[in-house]
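Q: after the sequence you'll find the predicted model.
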Amino acid sequence: MTETRLRFPPSPTGYLHIGGARTALYNWLYTRKTGGKLILRIEDTDTERSTKDSIDGIIEGLNWLGIDWDEGPYFQTDFSDDHRQAAKRLLSEGKAYQCFCSKETLDKKREAALAAKQNVGYDGTCRDLADEEIAEKQNSGLPSVIRFKVPTRQGKLGYNDCVLGRIESSYDEIDDFVIVRSNGSPLYLLCNVVDDIRDRISHVIRGQDHMTNTIKQLLLYEALEAPLPVFAHMPLTLDTKKAKISKRSHGEIVAVQFYRDHGFIPWAFNNFLVLLGWSPGNDQEIFEKQELIETFTLERINKSSSIFNYRKNDPKFFTDPKAIAINEHYLRSMKVEALAPMVKAELIADGLWEDEYETTRQEWFFSTLELIRDRFHTLKDFTTLGRAYFSDEYAVEEKPLKKNVLKHPGLEQWLPELADKYESLAEFSLEETERVAREFAADKDIKPGVIINGMRTVVTGQLAGASMFDILVAIGQEKVVNRLRETPRFYK
RNA sequence: GUCCCCAUCGUCUAGUCAGGUCCAGGACACCGGCCUUUCACGCCGGCAACACCGGUUCAAAUCCGGUUGGGGACGCCA
């Protein structure tokens, strides 16, 4: 079998969104599975809307996801000679023709047709112009586009889609489509095919919104006498109202960058994305990278579209709950050694990083991550909920302050007293800190819980957390003593 | 308006091609319990779906037809 060659061809008209990322991911997975090559091709022929920022954003997004490519990025506009030549060839072989219909006329016709609930589509006005007519119009300076001349044939045109099965369409239902603009620049349908032929693309994995394009492109392959790639049309991702997700109507929540900025683990996000329209056929949902590459198949891509379950203004979930759940899973179960660099980046960003965390205090750093990550959802939580472990500047939440501290006036004296006892402890261990705390509670004739929960709030600022004595040991004797001593500040 | 695609719990889905083992399995979410100094994690349990109608068949989530619903496309966008 010859090498598989796939491509991801985004148009740089906005950031990378989850639909595009998923398409990239599927192409990447299949490429890696088959040991082929992935080509990144920026389809920038829409010069009006293409921007440099967008190109950077897409590449940044792919990099973050860990989706790498073997060739490119190629820029479609760099190959316009190829596209023009192909158009010229089709024209000279009588497989395309010049069309002089003005955009205005066409727009009017389309509108009228739509309003009258008639069929919309090119009516073929210029399809059979005589040579003299063409020359005449051209000489009079009329602008023209080039249209592909859909062969007049009986029967159907079709192909076998890896996902959908046999897809067919009657020839007479296909309109003559424009392949070159009046300004001479070739259009997507043509460019895309010419590039795929030149890049020797063997598999085209793209969204189902391209299905009708595929039918037209089949004709182009035939006219250009090139072999057909394998096509696989993946289901679209819709929003909860079943509308196609787009950057325009959904904003940043569908941007890959949003997930990077909200503390997602890149692979966890890939793992979430792959499940939106594909399953291995059993109950497995969590996949290591290599495992997913091996398990992934085109045939198991779903036919029906899936919904990105993001509910605006949801108080509990800032995005699809399943995405968060998968992120949590990785956050809690991955090796700390692998998690540490990600947390490091967050700490650096917040100015909380200490180089010792990588050297003399690495053991402490790892065990602390291990201790606190169980309750976290994203990487961001390490610098917010877990801030007290890395800094003395941490917020004390209102609710636990009232419930665990202010409700017990005695703590204003007790906690500083306990601080003295902790300070004199020779061994600040789990056993010792617990023994002292319990004896202290018994001594004051109060429930240990009062002391413990009060301490938790004062020392970490949080209502909840890990086992109290683990926390004390993690934060360390000196800091614990200081923080407990400052308890009276809350009563002012 | 025309063409194309799709249809299982709220969401992601398994099961459909090779009909019976499915009064439909898993995950997330939700609810309850256990654990516990707190909150989580974890564990245990619960709620919850074959869009509808007809046909074929001893037997249909599964095959066929229709209906309805949803989506996509119909650009001198990609």
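A: Cool, got the structure.
Q: part of a helix, is residue A:152?
A: No: read with DSSP: H, G, I helix; E, B strand; the rest coil, residue A:152 is coil and lies in no helix.
Q: isn't it right next to residue A:170, touching?
A: No: between residue A:152 and residue A:170 there is no contact under Cβ atoms under 8 Å: 11.6 Å. For every residue, glycine as well, the C-beta is placed using N, CA and C.
Q: more crowded one of these two?
A: Remark: of residue A:152 and residue A:170, residue A:170 carries more neighbours, 13 against 8, as counted by other Cβ atoms under 10 Å.
Q: isn't the more buried one up against residue A:158?
A: No: contact criterion Cβ under 8 Å: residue A:170 and residue A:158 do not qualify, at 9.8 Å.
Q: excluding its backbone neighbours, what's nearest residue A:446?
A: Closest residue to residue A:446 apart from its sequence neighbours, by Cβ to Cβ, 6 or more residues apart in numbering: residue A:410 at 7.1 Å.
Q: now do the helix or strand harbouring residue A:60: distance to the chain's middle.
A: Here residue A:60 sits within helix A:52-65, counting by DSSP states H and E. How far helix A:52-65 lies from its chain's middle: 11 Å, per Cα atoms, centre = their mean, to the nearest Å.
Q: average pLDDT across it?
A: On average, the pLDDT along helix A:52-65 is 95.
Q: next helix or strand past it?
A: Sequence-wise, the next helix or strand downstream of helix A:52-65 (DSSP H and E) is strand A:71-75.
Q: domain-wise, how is chain A divided?
A: Per automatic domain parsing, the domain ranges recorded for chain A read A:5-69+A:235-329, A:78-191, A:335-391, A:396-492.
Q: what's the burial count for the nearest residue to residue A:262 once chain neighbours are set aside?
A: In space, and not counting its chain neighbours, residue A:262 is closest to residue A:378: 5.9 Å by Cβ to Cβ, 6+ apart. For residue A:378, the neighbour count with other Cβ under 10 Å is 20.
Q: ok, now the one 5 residues further on?
A: As a burial measure, residue A:383 scores 21 neighbours (other Cβ under 10 Å).
Q: what's around the residue nearest to it when sequence neighbours are not counted, how many residues?
A: Excluding its sequence neighbours, the residue lying closest to residue A:383 (Cβ to Cβ, 6+ apart) is residue A:350, at 4.5 Å. Using other Cβ under 10 Å, residue A:350 has 15 neighbouring residues.
Q: backbone dihedrals for residue A:350, both of them.
A: When read as degrees, to the nearest 10, the backbone of residue A:350 gives phi -100, psi 10.
Q: right, and it touches residue A:382 too?
A: No: Residue A:350 is beyond contact range of residue A:382, at 9.0 Å (criterion: Cβ under 8 Å).
Q: one step back: residue contacts, the residue nearest to residue A:262?
A: The contact partners of residue A:378, by Cβ atoms under 8 Å, 6 or more residues apart in numbering, come to A:262, A:263, A:264, A:324, A:327, A:331.
Q: out of those residues, which touch RNA strand B?
A: residue A:324 (Cβ under 7 Å from any atom of the strand).
Q: pLDDT added to the contacts of residue A:378, as a markdown table?
A: Below are the contacts of residue A:378 laid out as a markdown table (pLDDT from 0 to 100):
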| residue | pLDDT |
| --- | --- |
| A:262 | 96 |
| A:263 | 96 |
| A:264 | 97 |
| A:324 | 96 |
| A:327 | 96 |
| A:331 | 95 |
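Q: got the residues of the stretch 151-300 of chain A near RNA strand B?
A: Within the stretch 151-300 of chain A, the positions adjacent to RNA strand B are A:164-165, A:167-170, A:173, A:175, A:178, A:181-183, A:187-189, A:192, A:208-213, A:235-236, A:238, A:240-244, A:275-279, A:281-283, A:285, A:300 by Cβ under 7 Å from any atom of the strand.
Q: just checking, which of those residues belong to helices?
A: Counted as lying in helices by DSSP state H, out of these, are A:188, A:189, A:192, A:211, A:212, A:213.
Q: now for the third one: which residues touch it?
A: What that stands for is residue A:192. Contact analysis of residue A:192 by Cβ under 8 Å, 6+ apart lists A:9, A:43, A:213, A:217.
Q: ok, for residue A:453, nearest residue in space, not its chain neighbours?
A: Of all residues not flanking residue A:453 in the chain, residue A:404 sits nearest, at 4.2 Å (Cβ to Cβ, 6+ apart).
Q: for chain A, which helix is longest?
A: Max-length helix for chain A by DSSP H is helix A:18-34.
Q: distance from that helix to the middle of the chain?
A: Counting by Cα atoms, centre = their mean, helix A:18-34 is centred 11 Å from the centre of its parent chain.
Q: what comes into contact with the following helix or strand past that helix?
A: Using DSSP H and E, the helix or strand that follows helix A:18-34 in sequence is strand A:37-42. Strand A:37-42 is contacted by residues A:3-12, A:27-28, A:31-32, A:50, A:55, A:58-59, A:62, A:68-76, A:195, A:199, A:201 when judged by Cβ under 8 Å, 6+ apart.
Q: which bits of the stretch 1-150 of chain A sit near RNA strand B?
A: Within the stretch 1-150 of chain A, the positions lying close to RNA strand B (Cβ under 7 Å from any atom of the strand) are A:9-11, A:43, A:45-46, A:49, A:76, A:101-103, A:106, A:110, A:114, A:117-122, A:143, A:145.
Q: need the buried ones from those residues selected in ChimeraX.
A: Command for ChimeraX that selects the buried part of those, burial taken from 16 or more other Cβ atoms under 10 Å:
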select /A:9,10,11,43,45,76,101,106,122,145
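Q: just the ones of the residues of the stretch 1-150 of chain A next to RNA strand B in strands?
A: Those of these mapping onto strands are residue A:145, per DSSP state E.
Q: the nearest residue to residue A:144 once chain neighbours are set aside and residue A:221, how far apart?
A: Using Cβ to Cβ, 6+ apart and skipping residues adjacent in sequence, the residue nearest residue A:144 is residue A:98, 4.4 Å away. Here residue A:98 is placed at a distance of 22 Å from residue A:221 (Cβ to Cβ, to the nearest Å).
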